[in-house]
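Enquirer: Sequence plus predicted model, see below.
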Amino acid sequence: MDEALHRSGLPTALAEAGTATDYDQALRASHHAGVDQIDAQIGTPVLAITSPDGTRRAFFGPVLDATPARADAIRLWEATLLMAGVSTFRELKA
């Protein structure tokens, strides 16, 4: 966890939030706000974003098997925003 925070340029002290219970209620509410926007039985992660036209969308994913390099993470985010702009997009599986 410390390495991921360091690579992201964030303070490693944030790792303590992973075991704290202070944000549990807000985290559960945020999770349900995303999951409740999807008309199917899904798992996590759920990504909820506002598309360029102002529509709020939510879908399952993306699921990664490792932390991508910064340039790849940016490319993935840009591709995710592009897909989210298609109103009928729901999920991408490999």
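Expert: Looks like it came in fine.
Enquirer: What residues sit buried inside the longest helix seen in the chain?
Expert: Counting by DSSP state H, the longest helix found in the chain is helix 70-84. Buried residues in helix 70-84, defined by neighbour count with 16 or more other C-beta atoms under 10 Å: 80, 83-84. (Each C-beta comes from the backbone N, C-alpha and C, glycine too.)
Enquirer: This structure: helices as residue ranges?
Expert: Taking DSSP H as the criterion, the chain carries its helices at 2-7, 24-35, 70-84.
Enquirer: closest one to Ser51 among those helices?
Expert: Relative to Ser51, the nearest member of these by C-beta to C-beta is helix 70-84, separated by 5.2 Å.
Enquirer: Now the closest one - C-alpha only, PDB.
Expert: This file holds the C-alpha atoms of helix 70-84, laid out as PDB (Å, rounded to 0.1, in the frame of the first residue of the first chain):
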ATOM      1  CA  ARG A  70       1.400   6.100 -15.300                       C
ATOM      2  CA  ALA A  71       1.100   6.500 -19.100                       C
ATOM      3  CA  ASP A  72      -0.900   3.300 -19.400                       C
ATOM      4  CA  ALA A  73      -3.200   4.400 -16.500                       C
ATOM      5  CA  ILE A  74      -3.900   7.700 -18.400                       C
ATOM      6  CA  ARG A  75      -4.600   5.900 -21.600                       C
ATOM      7  CA  LEU A  76      -6.900   3.500 -19.800                       C
ATOM      8  CA  TRP A  77      -8.800   6.400 -18.100                       C
ATOM      9  CA  GLU A  78      -9.200   8.200 -21.500                       C
ATOM     10  CA  ALA A  79     -10.500   5.000 -23.100                       C
ATOM     11  CA  THR A  80     -12.900   4.500 -20.200                       C
ATOM     12  CA  LEU A  81     -14.300   8.000 -20.700                       C
ATOM     13  CA  LEU A  82     -14.600   7.400 -24.400                       C
ATOM     14  CA  MET A  83     -16.600   4.200 -23.800                       C
ATOM     15  CA  ALA A  84     -18.700   5.900 -21.100                       C
END
